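Chemist: Using only what follows, build the 3D model:
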Amino acid sequence: MKRILLIVLSIVCSISLCFAGGSSEQSGDLTEIRVMVYERGEQFSGGNTTVDNELTRWINEQLAPQGVKVTYVPIPRSGADDTVNSMLAAGDAPDVVMTYDFQRVSTYASQGGLLELTPYLDRLDPEWLENSASGIDMVKLDGELYCLPRTFELYGRSHHQYIRKDIVEELGMEMPDTREELIDFLYAVKENYPDMKPFGFSGKVTDARFINFILSYTSRADERANYIYEPSFTSIFKEGGKEGLRQLNQFVLDGIIDPNFAIDTDETQLKQDLANGKVAYFIGNDTDNAYPAFTNPELENYCMWPVDTLPNADGDHIVPSASPVSNYVYVPVASEDKIDAIMVYLNFMSNRDNVMEIEYARVGIGSTMGEDGVPVKKSNDEIRALGYPTSLGDFSMLIRSPLFFGEDVYLRNQENSWPGVPTEFFKADFDIRYNKDGYYDPCVIHAALPSDKYVPLLQTLICEFVLKVMNAPEGQFDAVYEEQYQVLLENHLQEVLDERAAWYDSTFAVENN
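Modeler: Residues are numbered from 1 along each chain as shown. A predicted model of the protein is given here:
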């Protein structure tokens, strides 16, 4: 793993409360540790739940001989970091926490709230330590290690584009390859398919639906600008980004994006539209919401297809990467007296054989062993019926799914997970998603800056900024843009950008001397 994307996070509300206290709990001869897991609202069979299912019971069976009992703590995926932050403030946080936001680690560590993990590294799986060496170095703060990186075996582009290929063909058009061609297609759909939503969108507070579109109006030619803007959603404020947002506003005014998109805050409507084949184009990571349409008998020619239509201002078909390191696992200092049990758990999760059992819902149960010695995953419905979660990767905290055994195995398991979706779709998706020429690792700052504490809130505010500006009435785009940008300035946006610029100037001045 050579480079990582350090994605930004939230500040603690009350440091003095967040990390106070803590005691080791015993369950018989077992030391109980509390470990977070994302709650995604998944439906389970047989009375199983996110925190008590066949997989969690198996994990505990494996750890019991080593004196450890794991109690999983459900954390809603939406707003997970804010939930954990509140739990820290109440003195009730899990002993092991995973986050997508490195700035949260930076802020907590700078306040003395996290355990420094360097003394315990030798307790982890040696193969994991070797494979993750560069990632470990890059998440250090002033030479100290306050989190462990969760590493990908396969990583690619961040967010993806999909288009109704069958509608492109019905319109007598070529598959779009540029933003201009995409826009022509969207307006043709609006004119010829009145029951369709040309550009599927929602009011959920996330960057997934808009950021790659806006970034297609920007350049990466200026390295200094990359370091200033790319560590977070602030990348939309690069030169040209405003014009990308102006186009999204025009889409709303023209009905290319549903004018009522903003009320779909939980994406219920968007998901229904995708499942019913009512969306002609969308950007996001949730392809599975569109999979049911492949088997809908009323959509005989339905063909959602992966595309790459957004070259940037430099003419490059590149978007941000999903990063070889996407998550960070930390231990609150209040849990120090449980560190021996915690490291038993983390050692278990750093072992690739154990992770294979997790990712494949136990080889021989939720999967079978193929003739090539690689597990063959059963369908999600079968896995759910067996009492296992389908979001299996949420439980492997140090090795990120999917375990990669090559393209053929990847495709085979996608087919098994989603019966009815053609192999050609997964093949085309793989070719775009994991083409190394199609993504870049954003510039990151490997230091704790004082303004990091403002970034988590700014992430949310920037998403809200985009949604509000997209909804600007006819002729009021610039006024709404300036009004909402002032809100960001009031929440320390300029301080964040200025500190990053100063860091770049001082760091590279030193390197160049």
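Chemist: what's near enough to touch S202?
Modeler: Applying C-beta atoms under 8 Å, 6 or more residues apart in numbering to S202 gives the contacts R209, F261, D264, T265, E267, Q269, L270. The way it works is simple: take the backbone N, C-alpha and C, and place the C-beta from them, glycine included.
Chemist: try Y281
Modeler: Shown in contact with Y281 (C-beta under 8 Å, 6+ apart): Q161, Y162, I163, R164, L182, F185, L186, V189, P198, F199, G200.
Chemist: Could you list the buried residues of the helix or strand hosting the third one?
Modeler: In other words, I163. Assigned by DSSP states H and E, I163 belongs to strand 160-164. If you call a residue buried by 16 or more other C-beta atoms under 10 Å, then strand 160-164 has these buried ones: H160, Q161, Y162, I163, R164.
Chemist: do the same with stretch 55-62
Modeler: Under 16+ other C-beta under 10 Å, the buried positions of stretch 55-62 are L55, T56, W58, I59, N60.
Chemist: Look up which residues are beta-bridged to the closest residue to the last one other than its chain neighbours.
Modeler: Put plainly, it is N60. Leaving aside its chain neighbours, N60 sits nearest to V70 (5.7 Å; criterion: C-beta to C-beta, 6 or more residues apart in numbering). Per DSSP bridges, the residues bridged to V70 are I33.
Chemist: which residues sit in contact with V70?
Modeler: V70 touches E32, I33, R34, V35, T56, I59, N60, L63, Y345, counting by C-beta under 8 Å, 6+ apart.
Chemist: quick one: which of these is nearest V205?
Modeler: Of all the contacts of V70, V205 sits closest to V35, with 26.7 Å by C-beta to C-beta.
Chemist: one step back: so can I have CSV of the contacts of V70 showing pLDDT and distance to S506?
Modeler: Listed next are these as CSV, based on pLDDT from 0 to 100; distance: C-beta to C-beta, whole Å:
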residue, pLDDT, distance to S506
E32, 98, 46
I33, 98, 41
R34, 98, 41
V35, 98, 39
T56, 97, 48
I59, 98, 46
N60, 98, 49
L63, 98, 46
Y345, 98, 40
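Chemist: can you give me the helices in the stretch 301-450 of the chain?
Modeler: 339-349, 352-359, 380-385, 407-417, 423-433 (DSSP state H, counting those that start in this stretch).
Chemist: could you dump those helices to CSV with distance to Q486 and mean neighbour count?
Modeler: Below are the helices of the stretch 301-450 of the chain laid out as CSV (distance: least, C-beta to C-beta, whole Å; neighbours: other C-beta atoms under 10 Å):
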stretch, distance to Q486, mean neighbour count
helix 339-349, 45, 21
helix 352-359, 46, 20
helix 380-385, 46, 18
helix 407-417, 46, 17
helix 423-433, 38, 17
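Chemist: and of the ones you listed, who's closest to M397?
Modeler: Evaluated over these, closeness to M397 peaks at helix 339-349, with 4.9 Å, by C-beta to C-beta.
Chemist: I'd like to check the angle between the closest one and helix 352-359, please.
Modeler: On the basis of axes from the mean of the first three to the mean of the last three C-alpha atoms, to 10 degrees, helix 339-349 is oriented at 80 degrees to helix 352-359.
Chemist: Nearest to L493, out of the contacts of V70: which one, please.
Modeler: Nearest member of the contacts of V70 to L493, counting by C-beta to C-beta, is V35, at 34.9 Å.
Chemist: Confirm that closest one sits in a strand?
Modeler: Yes: secondary structure of V35 (DSSP: H, G, I helix; E, B strand; the rest coil): part of a strand.
Chemist: Can you tell me the closest non-neighbouring residue to it?
Modeler: Distances taken as C-beta to C-beta, 6+ apart place V96 nearest to V35, at 4.5 Å, with adjacent residues excluded.
Chemist: still on that earlier bit, possible to save the contacts of Y281 as JSON lines with distance to G387?
Modeler: What follows is the contacts of Y281, written out as JSON lines (distance: C-beta to C-beta, whole Å):
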{"residue": "Q161", "distance to G387": "36"}
{"residue": "Y162", "distance to G387": "32"}
{"residue": "I163", "distance to G387": "38"}
{"residue": "R164", "distance to G387": "37"}
{"residue": "L182", "distance to G387": "44"}
{"residue": "F185", "distance to G387": "44"}
{"residue": "L186", "distance to G387": "44"}
{"residue": "V189", "distance to G387": "43"}
{"residue": "P198", "distance to G387": "41"}
{"residue": "F199", "distance to G387": "39"}
{"residue": "G200", "distance to G387": "34"}
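Chemist: tally of neighbours for G475?
Modeler: 8 (other C-beta atoms under 10 Å).
Chemist: Oops, could you answer that again for N212 instead?
Modeler: Number of residues near N212 (other C-beta under 10 Å) recorded here: 21.
Chemist: go on, Y38?
Modeler: 17.
Chemist: need the contact list for it.
Modeler: For Y38, the contacting residues are T50, P74, I75, P76, R77, A80, S391, D394, by C-beta under 8 Å, 6+ apart.
Chemist: The fourth one contacts V84, correct?
Modeler: No: counting by C-beta atoms under 8 Å, V84 is not a contact partner of P76; they are 10.4 Å apart.
Chemist: where's L114 relative to D381, distance?
Modeler: 40 Å (C-beta to C-beta, to the nearest Å).
Chemist: my bad, A472
Modeler: A472 is 44 Å from D381, by C-beta to C-beta.
Chemist: Find the residue ranges of the protein scoring beneath the pLDDT cut-off.
Modeler: 1-28, 153, 401-404, 510-513 (pLDDT under 70).
Chemist: max-length helix in the protein?
Modeler: helix 493-512 (DSSP state H).
Chemist: name the helices or strands packed onto that helix?
Modeler: Under the contact criterion of 3 or more C-beta pairs under 8 Å, 6 or more residues apart in numbering; DSSP states H and E, helix 493-512 touches helix 223-229, helix 455-470.
Chemist: Enumerate the positions of the last one that are buried.
Modeler: Going back to what we said before, that points to helix 455-470. 455-456, 458-463, 465-467, 469-470.
Chemist: Name the residues of whatever helix or strand comes next after it that are buried.
Modeler: As assigned by DSSP H and E, the chain's next helix or strand after helix 455-470 is helix 477-490. For helix 477-490, a neighbour-count test (16+ other C-beta under 10 Å) marks F477, V480, Y481, Q484, L488 as buried.
Chemist: mind giving me a markdown table with those residues and columns for distance to V496?
Modeler: Output for the buried residues of helix 477-490, formatted as a markdown table (distance: C-beta to C-beta, whole Å):
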| residue | distance to V496 |
| --- | --- |
| F477 | 25 |
| V480 | 22 |
| Y481 | 19 |
| Q484 | 17 |
| L488 | 9 |
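Chemist: Now flag whichever of those is closest to A448.
Modeler: Distances from A448 to those, taken by C-beta to C-beta, are shortest for L488, at 21.9 Å.
Chemist: residues in contact with L411?
Modeler: T423, F426, K427, F430.
Chemist: Quick check: R384 vs M304, distance?
Modeler: Where M304 is concerned, R384 sits at a distance of 24 Å (C-beta to C-beta).
Chemist: Can you lay out the helices of the stretch 301-450 of the chain as JSON lines showing distance to W503?
Modeler: What follows is the helices of the stretch 301-450 of the chain, written out as JSON lines (distance: least, C-beta to C-beta, whole Å):
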{"stretch": "helix 339-349", "distance to W503": "31"}
{"stretch": "helix 352-359", "distance to W503": "36"}
{"stretch": "helix 380-385", "distance to W503": "44"}
{"stretch": "helix 407-417", "distance to W503": "39"}
{"stretch": "helix 423-433", "distance to W503": "32"}
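Chemist: which stretch among those comes nearest T234?
Modeler: helix 423-433 (25.1 Å).
Chemist: Kindly list the main-chain dihedrals of the nearest residue to E54 once chain neighbours are set aside?
Modeler: Once flanking residues are discounted, E54 sits nearest to G387: 3.9 Å by C-beta to C-beta, 6+ apart. Backbone torsions for G387, taken as degrees, to the nearest 10, come to phi 90, psi 10.
Chemist: No further questions, thank you.
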